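Peer 1: coordinates for the following, if possible.
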Amino acid sequence: MPGITVEGVSDTGLSPVSYDTDSPNSITDLNKTHIQTAKRVLAIIGRYELSHSGSVTKTQDGSSKFLHEVYNKVAAEEPILMCLPAFPFKSPNTSSKVLGRLPDKAEEFALAHLNGLCNAIGDIYSPGAKLMIISDGLVYNDLLGVPDRDVWAYGEALRQLASRKELKNIEFSRLKDLVNISVPEKLDQITYVCNATNFRLALVTRFGNPDFDSTLKIGEDEDTCMTYRGYIKFLSTDLQDVYPVGEGRSKSQYKKGVEYVAKQMLKRGDAFARAVREIYGNRLRLSIHPSTGESKLSVGLLPTDTSFTTPWHSTIAFRLDGTTTTGHWATFAQDENFELVYEDGRPSYFREKSEIFSFAEHLGGITCEPIYPAGLMIRPAVPGSLSIEDIETSKVRALAENNSPVILRGFKKTRDRDLFINMSHGLGVPTGWKFGLVLEVKDRGSETRGLNNVLSAEWMPYHYDGLFKTEKRKDESGNEILVSTPPKFQFFTSVTTSPKDTGFTLFSSSSMMFRYLPQNLPLDYLRNLTWSVSTSSFDATVLRGLPLVVNHPETGRPCLRFHEPWPQSKTSFEATNVDIENAGEDHSSTEVCDALTELLHDRRVAYYHAWEKGDLLVSDNVLAMHTRSDFTAGCDRELWRINFD
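Peer 2: You can find the predicted model right below:
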C-alpha cells in the first residue's frame, strides 16, 4: 500500500510529510480533521520558534515525527504534553550579566510566554496543553561553580512564581524524578543538597555512555555542534567571575578551560537527554538550543529583539511602549535611558526612564509593573494608602498612550460613582453615550440598547469602538458621508467580583502586533490599505474608505484600526461584515482579515484581563484594540465604563 502524503505543513516551517501505511508505527486510519488540528498545533509552536539561531533546516524525518506525535494525541483527545529541559540556575556572573541568584522579571516573562504557548494550543484544541520544565541545574552546576543550594533556591522560587502568577499550564520536574535513588518523597533544602551528588552520580551511572566522545560528536552531529557553540558563547561570560583571567591564568588558558567545561557539559547532557527520552518519552520535546528539528523543536523563551533568549543568562528591559529587549545588566546600567527597578527588595528589571512611572510620593507612592504581554499594573506601594482621589490622571493617560491597558488595583473608593465620573474628567473630555455618561456593562440578555452584543454574555469581535460613534459630514465634493469618530480612550471600573476564569476583557496593542507581522504582510503594505464595514446594528452603520493603519496622535507610532469580521454563524445578534477594499492582486480581503484576526488573538499579543472588584482600567483606543470573551449568562459581572477624548 503506498505511503500517504500530508500536504500543507509548510505553515509550521516544516516540509510535507509521508506516512508509510505498511509501517507498524504509521497512522493507518488518517482522519483529515485530526491532521488539520495537529498541523495547527505545530503551527502555534512554530510561532515560538527560537529566533536569531541562524539558518536551520528542519528535516522531513523531524516533521514526520512531530506531526505523528501530535496526531496521536489529537486522535485520542488527550492534552498535548510537552517537556523542556531548562531553567537550571542563574549565571554565576552577577558582576555584569544577571541581577542576582534568584528569578526576576526575566523569568516571570519567560514562564508567562511558555504558559501562553499552552493557552494558544488550548484556544484551538479543547484538551489543551501542558509544559513540563525539567530543571537541568544539578546536571551542570558543579562544573560552573554554582552551589547546590543555589540550584534549590532558584527552583523553589520558580515554582512559587508560577503559582503566584497562576500559570496553570506549567509543571516542574527535578533530576530526582529521572533517577531511582532512595530519598524522601518531599525534599527540602537540606535533603536536596545532601543528595545532589547522588543524583548526578545516578544519572551518569544509569544513562551515561562511557564511549561518548564530545569532540567526535561535535564533528558528526549538527545538533550537538550547535549546542556546543551555544555553550561556548554563554560560558565565556558565565565563568568570568569563577575563573578570572589574570595572574596565573592567561586568556588562552581561560579559552581552553571554557572549551573543556563545554565538552564535559555535552557528555552529561547526553546522559540527561537519554534520561528525558526514557522518562518523558510521551511528551513533545522542546529545546532552548538551535536544532535541525529532527528530534526536538527549538523555542525562544523571551519576547526579545536580541540573541539573549534565556532569562538565566540575561536581564530584561522594558521600553516605554512596553516592548522588551534583553542583554547583560551592565549594558543597561551604562545606558542613561534606562533605570533599574527593584521588586520585593531585589533588583528585577530595567525600564526606560520617565517621570510618568511615579505619583503620590508624599503618600508612599506607587509600584508600576509591566504585564505580559503588554500593559501596566499600578498599585499603591503601601497597601491601602491611596484612593481614587490620589491618582495623578495626566500620568495615567500618558502611560496608556504608550502601553495599554493601564490597570490600577488596590485603590480605595473606586466604586464611588461620583468619584469615578470625576476621575474621567481628569483623564480627558468624557464623550458619553446616547443614553448617558456611564455605561453599565453587564449581561442584559436580548436587550441590546442598540449596542449589538456588547451587553450580552457571548464572545465579541475585536474592535476599535468606531461603529457606534459616527457623524455625518460633507466630503470634498459636497456629498454627505458617514464618518467614524471613535473615542480616544476607554475608562472602566469593576463594581463586582467577576469569575477569574471567564468573562475576560482582551486588549491587543499595535506595538506588540506589528512585531509579529508575517513577511508577506509588512507594515508598509498595510499602511496603503483601506477597508469597509457594515452592520444592521448601531443604526445600520456602513463605513467605507477607512484607513487600516493610522498614526497615533501623541506618539506618532503606527496603530491598527480594524474590526474583526463577525459573520452570523458567530453571534445571536447582528453580523458585522468587513472587507479590505484594495488588497491587490497578491492578496485577498479574506487573507488579510484572517491574518490580522489571528494576530489580534495571538497569545504573544493579547492580554486577557480578569477583573477584580475595584479595578480601574484605562486603555488607549487608538493604540490597542479590545474585545471580551464569553461568560456564563447572568453571572455577577458588572463594569462601569466611560469613554473620553
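Peer 1: tally of neighbours for the nearest residue to residue 336 once chain neighbours are set aside?
Peer 2: Leaving aside its chain neighbours, residue 336 sits nearest to residue 353 (7.8 Å; criterion: CB to CB, 6 or more residues apart in numbering). For the C-beta atoms, the positions are set from N, CA and C on the backbone; glycine is no exception. If you count neighbours by other CB atoms under 10 Å, residue 353 ends up with 12.
Peer 1: pretty sure residue 353 contacts residue 335?
Peer 2: No. With contact defined as CB atoms under 8 Å, residue 353 does not reach residue 335; the gap is 9.5 Å.
Peer 1: and the pLDDT at the closest residue in space to residue 312 that isn't next to it in sequence?
Peer 2: In this structure, residue 312 finds its nearest non-sequential neighbour in residue 90, 5.1 Å apart by CB to CB, 6+ apart. Confidence at residue 90, expressed as pLDDT, is 97.
Peer 1: tell me the contacts of residue 90?
Peer 2: Residues near residue 90 by CB atoms under 8 Å, 6 or more residues apart in numbering: 98, 100, 101, 102, 103, 150, 154, 312.
Peer 1: filter the residues you listed to the buried ones?
Peer 2: Neighbour counting by 16 or more other CB atoms under 10 Å classes 98, 101, 102, 103, 150, 154, 312 among the contacts of residue 90 as buried.
Peer 1: out of these, which are inside helices?
Peer 2: With helices identified by DSSP state H, the entries of those that belong to them are 150, 154.
Peer 1: okay, now residue 566: neighbour count?
Peer 2: Burial of residue 566 is recorded as 24 neighbouring residues (other CB under 10 Å).
Peer 1: next up, the contacts around the residue nearest to residue 336.
Peer 2: Here residue 353 is in contact with 336, 337, 338, 339 (CB under 8 Å, 6+ apart).
Peer 1: SS state for the nearest residue to the third one once chain neighbours are set aside?
Peer 2: In this case it means residue 338. Distance criterion CB to CB, 6+ apart; nearest residue to residue 338, sequence neighbours excluded, is residue 350 at 4.3 Å. Local secondary structure at residue 350 is given as strand here, using DSSP: H, G, I helix; E, B strand; the rest coil.
Peer 1: mind checking pLDDT for residue 611?
Peer 2: Reading off the confidence values, residue 611 has pLDDT 93.
Peer 1: if I look at it, how far off is residue 546?
Peer 2: Taking CB to CB, to the nearest Å as the criterion, residue 611 is separated from residue 546 by 31 Å.
Peer 1: more crowded one of the two?
Peer 2: Comparing residue 611 with residue 546 by neighbour count (other CB under 10 Å), the higher total belongs to residue 611, at 23 against 20.
Peer 1: run a quick neighbour tally on residue 344.
Peer 2: Applying other CB under 10 Å, we find 7 other residues in the vicinity of residue 344.
Peer 1: residue 471 now?
Peer 2: Counted with other CB under 10 Å, the neighbours of residue 471 add up to 9.
Peer 1: cool, and residue 474?
Peer 2: In terms of burial, residue 474 registers 10 neighbours under the definition other CB under 10 Å.
Peer 1: wait, it touches residue 480, no?
Peer 2: Yes. Counting by CB under 8 Å, residue 474 touches residue 480, with 6.1 Å between them.
Peer 1: in stretch 523-530, what's buried?
Peer 2: In stretch 523-530, residues buried by neighbour count (16+ other CB under 10 Å) are 525, 526, 529.
Peer 1: quick one: the second one and residue 626, what's the gap?
Peer 2: Spelled out, it's residue 526. Computed as CB to CB, the residue 526 to residue 626 distance reads 19 Å.
Peer 1: let's have the contacts of residue 90 in JSON lines, adding pLDDT and distance to residue 346.
Peer 2: JSON lines is the format used below for the contacts of residue 90 (pLDDT from 0 to 100; distance: CB to CB, whole Å):
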{"residue": "98", "pLDDT": "97", "distance to residue 346": "12"}
{"residue": "100", "pLDDT": "97", "distance to residue 346": "6"}
{"residue": "101", "pLDDT": "97", "distance to residue 346": "10"}
{"residue": "102", "pLDDT": "98", "distance to residue 346": "7"}
{"residue": "103", "pLDDT": "98", "distance to residue 346": "10"}
{"residue": "150", "pLDDT": "98", "distance to residue 346": "14"}
{"residue": "154", "pLDDT": "98", "distance to residue 346": "13"}
{"residue": "312", "pLDDT": "97", "distance to residue 346": "15"}
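Peer 1: so where's the stretch 401-550 of the chain shaky on pLDDT?
Peer 2: Low-confidence segments of the stretch 401-550 of the chain, defined by pLDDT under 70: 443-455, 538.
Peer 1: in it, which spans are strands?
Peer 2: For the stretch 401-550 of the chain, the strands identified by DSSP state E, counting those that start in this stretch occupy 406-408, 439-441, 470-474, 480-484, 489-494, 505-509, 530-535, 542-547, 549-551, in order along the chain.
Peer 1: strand partners of the third one, parallel vs antiparallel please.
Peer 2: What it means is strand 470-474. Strand 470-474 has the following strand partners under DSSP bridges: strand 480-484 (antiparallel).
Peer 1: what residues does the strand it pairs with touch?
Peer 2: Against strand 480-484 from outside (CB under 8 Å, 6+ apart): 466-467, 469-475, 541-543, 546.
Peer 1: measure how far that strand is from the centre of its chain, please.
Peer 2: Relative to the mean C-alpha coordinate of its chain, strand 480-484 is positioned 38 Å out (CA atoms, centre = their mean, to the nearest Å).
Peer 1: can you give me the domain assignment for this protein?
Peer 2: Taking automatic domain parsing as the domain assignment, the ranges for the chain are 1-78, 393-644.
Peer 1: including distance to residue 132, could those domains go into JSON lines?
Peer 2: JSON lines is the format used below for the domains of the chain (distance: least, CB to CB, whole Å):
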{"stretch": "domain 1-78", "distance to residue 132": "14"}
{"stretch": "domain 393-644", "distance to residue 132": "19"}
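Peer 1: among these, which is nearest residue 161?
Peer 2: Relative to residue 161, the nearest member of these by CB to CB is domain 393-644, separated by 18.0 Å.
Peer 1: show which residue of this protein lies farthest from the average position.
Peer 2: If you look at how far each residue of the chain sits from its centre, by CA atoms, centre = their mean, the farthest one is residue 478, at 48.2 Å.
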